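Chemist: Got a predicted model here, sequence first, then my questions.
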2 protein chains.
Amino acid sequence: MATTTYTVTGMTCGHCVGSVKQEIGKIDGVTSVDVDLASGRVTVDSTGELADSAVAAAVDEAGYALG
Amino acid sequence: MATTTYTVTGMTCGHCVGSVKQEIGKIDGVTSVDVDLASGRVTVDSTGELADSAVAAAVDEAGYALG
């Protein structure tokens, strides 16, 4: 198990949070995604180490960027 | 045909715009909904006069408020 924290910029509302959660949640091995809208902090639990590139791609897919 | 313009407060992103469009679009007689995110102006075309209460309820359902 691994827990990794990222910062995502550009989220402004609960819909944004939902989009980011959904896209990161699709990554193989991800077991939970927690997003704090105010700070942009995204905490991801996964069964193993995640490739930063996979997380960056998921965040981009949702329409945001890693800060 | 009638065109009515409202101001909706609290929208911050394209997801918010989509929610407002979807809910107002469900009102009987509405034929088109245009939203300007920056100003919060919402322009609604409809086959007849709309009840303001119906529009207010739709906006509330989307999670926002008439300004």
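Modeler: Received the coordinates, thanks. Numbering: from 1, shown residues only, chains lettered A, B, ... in the order given.

Chemist: So which residues on chain A come close to chain B?
Modeler: Residues of chain A lying near chain B by CB under 8 Å from any CB of the partner chain: A:Thr12, A:Cys13, A:Gly14, A:His15, A:Cys16, A:Ser19, A:Gly63. C-beta: built from backbone N, CA, C; applies to glycine.

Chemist: now with 10 Å?
Modeler: Applying CB under 10 Å from any CB of the partner chain, one finds that chain A approaches chain B through A:Gly10, A:Met11, A:Thr12, A:Cys13, A:Gly14, A:His15, A:Cys16, A:Val17, A:Gly18, A:Ser19, A:Gly63.

Chemist: closest to B:Ala54 among those?
Modeler: B:Ala54 lies nearest to A:His15 out of these, by CB to CB, at 23.2 Å.

Chemist: Pull the contacting residues for that closest one.
Modeler: Applying CB atoms under 10 Å, 6 or more residues apart in numbering or on different chains, we find A:His15 in contact with B:Thr12, B:Cys13, B:Gly14, B:His15, B:Cys16, B:Val17, B:Gly18, B:Ser19, B:Gly63.
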